[in-house]
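S.K.: pasting a predicted model and its sequence here:
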Amino acid sequence: MAGVAKTKKAPEVFISEADEYLFAQGTHYDIYKKLGAHPSVENGKKGMFFAVWAPHALQVHVFGTFNGWEETQYPMKKKGPGGIYELFIPGVGTGEMYKFLITAPDGRKLYKADPFANYAEKRPGTASITTDISHFKWTDSVWMEERAGKDMNREPLAVYECHIGSWMKHPDGTEDGFYNYREFADRLVSYLKEVKFTHVELMGVAEHPFDGSWGYQVTGYYAPTSRYGTPEDFAYLINTLHRNKIGVILDWVPAHFPKDAHGLAEFDGEPLFEHPDPRLGEHPDWGTKIFNYGKNEVKNFLIANALFWIKEFHIDGLRVDAVASMLYLDYGKKDGEWVPNKFGGNKNLEAIEFFKHFNSVIRGTFPGVMTIAEESTAWPLVTGPIDKGGLDFSFKWNMGWMHDFCEYMKLDPYFRKNDHYAMTFAMSYNSSENYILPLSHDEVVHLKCSMVNKMPGLRADKYANLRAGYAYMFGHEGKKLLFMGQEFAQEREWSEARELDWYMLQDELNSGMLEYVKTLLNLYRKYPCLHEIDNDWNGFEWVNADDAERSTYSFIRRSSDGKNSLLFVLNMTPVERKDYSVGVPKKKSYKLILNSDDKAFGGNGAQIPASIRATAEPCDYKPYRITFDLPASSAAVFMF
């Protein structure tokens, strides 16, 4: 009939011998379309197809709201030696809660959520929910096409790390105060467009039972958390961000999982997803299980999960959490708590191969998608190519830079001269990887203080210090990441239980800081020299890295075409440097484009000339110099 939309017919879902074979080989990258719960048709009847991997089980039943939670009405059928159980139940639709009842080898009854479920009951409930994620109408094709052709190493990448539940709370006074994905999308898009971040990194999206884990202890790897709505609501969030030219990175946690009874731990009564040897299968410090990276089906579960977020939800990047804990067998363990590899070393050879497999599949299938390693050691070639022995991540968080930066900035300015080279050290190894410079959530929790309260001095001094520090960060080679609240210098530590202190924007120092970060982000995006060459010396040159006595730094950023280079001059003490001279390479005018002491940013308003003509007087091993009064605790940036 004209004008009536045709409904999409549910496909017939079943497990074939090819599915079993590929899963056992670890190469069934669409396995999530077969395992789990999927609307299906069998003998002309609509219903739900259930399938679960439980090779050690004596028996598996599926039960839920569709049968009044009668546990044994629907026994599932074991397909073959691979241990996949399946069952089609006619008449079951979407929106039904369900669980698997697994009879363990020792007769115990285990009540498990579906590892492949796309939707879960909101905590404290632990059931899975039948759904259909295939109906969302994506309208982000322009973004997706442009993404495929981008080399993010040469593009601006400024990431806003964000926790949905605590970014902003709903004023309606409900218990959680959560905005749903759709409400959050509209508010976040408006804010990020104003502040000019290029990407948002979302914490805690995969389903997890405990808010205090921030989403790093996952029970539902294939389900966007129901705290903020349905999977379709989550798709709306991504689609809206993309339509507004904002990329989305997800935190992804293949390193470990919690021991919650409904989760993956001893899923079928025996170690299944985790390694059976507790010295290889448990983190003593974290109280969590470690995935068995040597088991094909487990590797398949994880790699297919990464592809699931990329294919089904159009995610632009995965930031892989706790990579170091996966690479080292003795990570966080004492003698006797770990087992050496076959060569007697502490490298996890199976995890290394997992990462190579993971990155090669993503790189080969989705060249525009980033993989980002949160790796805290000097492991070589994290972003190096596989054929050179690397792991082939797109980027690595520069945790060393973050540590050195924070430790230096916390110092009383009088003592900074004794630790001067902490701020220059990162450039000595910068070309070894493709780096992101993070100031992440981990730096503003557990009594570490907020970023602004790490700074020394009285309140105005703290803000001046942080403005100078942010200028250094944005001038330094490497992509950028700020955790939410840092852009306006929230003074309290972050807590997942409350929203950001937005009321602080009524204060001139905080509104000034937000204006300052907007300006930095605008400069970062506008000038190719700040993002085009981020991992070699062609894009960076020290002018004076050795002025420890005055705690000043100066350097130049260059683009590949040599146009519109920028000179950064930083004063890390609360002492004005009168008639400060800095060496420059050309006899021309140097145009001031940023003065961090500007009153618009909450500064004191000390003046620097809008344009300074270089004179033919050697300085800093350069043939020319410019001279001006460098304000206390400040950054000045010139274009030439």
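M.R.: Cool, the structure landed.
S.K.: contacts, neighbours, all on C-alpha from now
M.R.: Noted.
S.K.: could you break the protein into its assigned domains?
M.R.: Domain ranges of the chain: 17-129, 249-530, 537-639, per automatic domain parsing.
S.K.: of the ones you listed, which approaches F178 most closely?
M.R.: Across those, the minimum distance to F178, taken as CA to CA, is reached by domain 249-530, at 9.6 Å.
S.K.: got the end-to-end distance for that closest one?
M.R.: Using CA to CA, to the nearest Å, one end of domain 249-530 lies 21 Å from the other.
S.K.: mean confidence for it?
M.R.: Looking at domain 249-530 alone, the average pLDDT works out to 97.
S.K.: and A2, what's its pLDDT?
M.R.: The model reports A2 with a pLDDT of 37.
S.K.: please enumerate the helices of the stretch 51-200 of the chain.
M.R.: Under the criterion DSSP state H, counting those that start in this stretch, the stretch 51-200 of the chain contains helices at 141-148, 164-167, 181-195.
S.K.: ignore what I typed, I meant the stretch 351-500 of the chain.
M.R.: Secondary structure of the stretch 351-500 of the chain (DSSP H, counting those that start in this stretch): helices at 399-410, 426-429, 451-454, 459-475.
S.K.: cool, the stretch 501-640 of the chain as well?
M.R.: So, for the stretch 501-640 of the chain - with DSSP H, counting those that start in this stretch - the helices run 508-526.
S.K.: ok so, going back, got a markdown table for the helices of the stretch 351-500 of the chain, with distance to G220 and mean neighbour count too?
M.R.: Putting the helices of the stretch 351-500 of the chain into a markdown table (distance: least, CA to CA, whole Å; neighbours: other CA atoms under 10 Å) gives the following:
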| stretch | distance to G220 | mean neighbour count |
| --- | --- | --- |
| helix 399-410 | 28 | 19 |
| helix 426-429 | 38 | 14 |
| helix 451-454 | 33 | 23 |
| helix 459-475 | 36 | 22 |
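S.K.: related to what we said a few turns ago, got the domains of the chain as CSV, with distance to P209 columns?
M.R.: Listed next are these as CSV, based on distance: least, CA to CA, whole Å:
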stretch, distance to P209
domain 17-129, 6
domain 249-530, 8
domain 537-639, 41
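S.K.: reformat the helices of the stretch 351-500 of the chain as CSV; add distance to L592.
M.R.: Conversion of the helices of the stretch 351-500 of the chain to CSV gives the following (distance: least, CA to CA, whole Å):
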stretch, distance to L592
helix 399-410, 25
helix 426-429, 25
helix 451-454, 26
helix 459-475, 14
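S.K.: what about G149, neighbour count?
M.R.: 10 (other CA atoms under 10 Å).
S.K.: so how far is D412 from the residue lying closest to it once chain neighbours are set aside?
M.R.: Closest residue in space to G149, ignoring its immediate chain neighbours: G368 at 6.6 Å, by CA to CA, 6 or more residues apart in numbering. Distance of G368 to D412, computed by CA to CA: 44 Å.
S.K.: okay, the two: which has more neighbours?
M.R.: Each of G368 and D412 had its neighbours counted (other CA under 10 Å), and the higher figure belongs to G368 (21 against 13).
S.K.: which residues does the more buried one contact?
M.R.: Contacts of G368 were listed using CA atoms under 8 Å, 6 or more residues apart in numbering, and they are 147-152, 316.
S.K.: repeat for Y228
M.R.: 165, 178-181.
S.K.: among these, which one has the most neighbours?
M.R.: Of these, G165 is surrounded by the most neighbours, 25 neighbours in total, counting by other CA under 10 Å.
S.K.: about what we covered before: put together CSV for the helices of the stretch 51-200 of the chain, with mean pLDDT on each row.
M.R.: What follows is those, written out as CSV (pLDDT from 0 to 100):
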stretch, mean pLDDT
helix 141-148, 97
helix 164-167, 98
helix 181-195, 97
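S.K.: how about the nearest residue to F483, chain neighbours excluded?
M.R.: F483's closest residue in space is E161 (CA to CA, 6+ apart), at 4.5 Å.
S.K.: and the one you found, what's its pLDDT?
M.R.: At E161 the predicted local distance difference test score is 98.
S.K.: what is it paired to in the beta sheet?
M.R.: On the basis of DSSP bridges, E161 takes part in beta bridges with E201, F483.
S.K.: returning to that earlier point: relative to L567, which of the helices of the stretch 351-500 of the chain is closest?
M.R.: helix 459-475 (9.0 Å).
S.K.: just checking, what packs against the closest one?
M.R.: With contacts defined as 3 or more CA pairs under 8 Å, 6 or more residues apart in numbering; DSSP states H and E, helix 459-475 has these neighbours: helix 451-454, helix 508-526, strand 566-571, strand 634-639.
S.K.: from the contacts of G368, which is closest to D620?
M.R.: Nearest to D620, judged by CA to CA, of the contacts of G368 is M152 at 33.8 Å.
S.K.: can you name the residues that contact the closest one?
M.R.: With contacts taken as CA under 8 Å, 6+ apart, M152 has the following neighbours: 368, 370.
S.K.: for it, grab phi and psi.
M.R.: Backbone dihedrals for M152, given as degrees, to the nearest 10, come out at phi -70, psi -20.
S.K.: what pLDDT does it get?
M.R.: In this model, M152 is scored at 97, pLDDT.
S.K.: related to what we said a few turns ago, and of the domains of the chain, who's closest to H135?
M.R.: domain 249-530 (10.7 Å).
S.K.: columns distance to A206 on top of the helices of the stretch 51-200 of the chain, output as JSON lines?
M.R.: Below are the helices of the stretch 51-200 of the chain laid out as JSON lines (distance: least, CA to CA, whole Å):
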{"stretch": "helix 141-148", "distance to A206": "22"}
{"stretch": "helix 164-167", "distance to A206": "12"}
{"stretch": "helix 181-195", "distance to A206": "13"}
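S.K.: check those for me and report the most buried one.
M.R.: When neighbours are counted by mean count of other CA atoms under 10 Å, the highest per-stretch mean among these falls to helix 164-167, a mean of 22.
S.K.: export that one to PDB, keeping only CA atoms.
M.R.: What follows is helix 164-167, C-alpha atoms only, in PDB (Å, rounded to 0.1, in the frame of the first residue of the first chain):
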ATOM      1  CA  ILE A 164      28.600  10.700  31.100                       C
ATOM      2  CA  GLY A 165      26.900  10.200  34.500                       C
ATOM      3  CA  SER A 166      28.900  13.000  36.300                       C
ATOM      4  CA  TRP A 167      29.500  15.500  33.500                       C
END
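S.K.: how close does the residue lying closest to P209 once chain neighbours are set aside sit to I102?
M.R.: Among residues not flanking P209 along the chain, R123 sits closest, at 5.8 Å (CA to CA, 6+ apart). R123 is 22 Å from I102, where distance means CA to CA.
S.K.: who has more neighbours, these two?
M.R.: Taking neighbours as other CA under 10 Å, R123 and I102 compare with I102 leading, 23 against 15.
S.K.: ok, the more buried one - contacts?
M.R.: For I102, the contacting residues are 57-61, 109-112, 268-269, taking CA under 8 Å, 6+ apart as the criterion.
S.K.: which ones among the residues you listed are found in strands?
M.R.: 59-61, 109-112 (DSSP state E).
S.K.: of those residues, buried ones?
M.R.: Members of the ones in strands among the contacts of I102 that pass the buried threshold by neighbour count (16 or more other CA atoms under 10 Å) are listed as 59-61, 110-112.
S.K.: quick one, what contacts the closest residue in space to K518 that isn't next to it in sequence?
M.R.: In this structure, K518 finds its nearest non-sequential neighbour in V195, 4.9 Å apart by CA to CA, 6+ apart. In this structure, V195 makes contact with 514, 517-518, 521, judged by CA under 8 Å, 6+ apart.
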